[in-house]
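[1] Here is my input; please provide its structure:
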Amino acid sequence: MNRLIFRLVLFGALILLIGGMGLLYHLPLDTLNPSPQQPIPFSHQLHAGNYQIDCRYCHRHVERSTAAGVPDVALCRSCHEHIATESPTIKQLAKYWQTGETIPWIRIHQLPDHVYFPHMMHIRAKVACSYCHGEVSTMTQVQRVASLNMGWCLNCHRENQAGIDCWTCHI
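    You can find the predicted model right below:
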């Protein structure tokens, strides 16, 4: 009788473990708003689309870091000290510059702490930014377009013959 109970408990635990892994594979990355209002309305459509400013101009760390980084006030100010200075949005930017505050941008693509995602390696592998981020150059307000869940990433790795060993992404 004890062996039967032990086997049932073990079987139940195994089912829960496998079911939990299945959920991780399919659940959305998070439940955060995929397109939050930013502290300063920044149009990627205007900057990356109309003016064709390369992503790497503002996201300067993308080729040498795990994170792409967001532009600091000084970078924005380097153009907008002379361009569109009377715009209410640029006046808002100027206040951050004058007070020495950083712009509290809200992250849109947030991976869990246990996931290692090196932008630099994906850039070297010639993965287009739009593959994960969508056609940002057409967005007035950036939104998350890919789930970035484990299944989505694994499918991409399989399609591109990239490593799928657990330690490739999990630290």
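[2] Distance check, the residue nearest in space to the middle of the chain against residue 152.
    For the chain, the residue nearest the mean C-alpha position is residue 109 (2.5 Å; Cα atoms, centre = their mean). For residue 109, the distance to residue 152 (Cβ to Cβ, to the nearest Å) stands at 12 Å. Placement of C-beta: from N, CA and C, glycine included.
[3] so what's the residue nearest to the centre of the chain scoring on pLDDT?
    At residue 109, the model reports a pLDDT of 84.
[4] ok, it - contacts?
    By Cβ atoms under 8 Å, 6 or more residues apart in numbering, the residues touching residue 109 are 132-133, 144, 148.
[5] Check residue 84 too.
    residue 90.
[6] So, low pLDDT: which residues of this structure?
    Within the chain, the segments meeting pLDDT under 70 span 1, 6-32.
[7] Please, where are all the helices along it?
    Ranges of helices within the chain are 2-26, 44, 55-58, 73-80, 88-99, 119-124, 129-133, 150-159, 166-169, based on DSSP state H.
[8] which one of the ones you listed lies closest to residue 34?
    helix 129-133 (11.7 Å; Cβ to Cβ).
[9] Going by neighbour count, which residues in that closest one are buried?
    Of the residues in helix 129-133, 129, 132-133 count as buried by neighbour count, 16 or more other Cβ atoms under 10 Å.
[10] For residue 156, state which of the residues you listed is nearest.
    Nearest member of the buried residues of helix 129-133 to residue 156, counting by Cβ to Cβ, is residue 132, at 8.5 Å.
[11] what's the distance between the closest residue to residue 44 other than its chain neighbours and residue 163?
    The shortest distance from residue 44 to any non-neighbouring residue, by Cβ to Cβ, 6 or more residues apart in numbering, is to residue 136 (4.6 Å). Noted for residue 136: a distance of 27 Å to residue 163, by Cβ to Cβ.
[12] And for residue 114?
    In terms of Cβ to Cβ, residue 114 sits 17 Å off from residue 163.
[13] That concludes my questions; thank you for your assistance.
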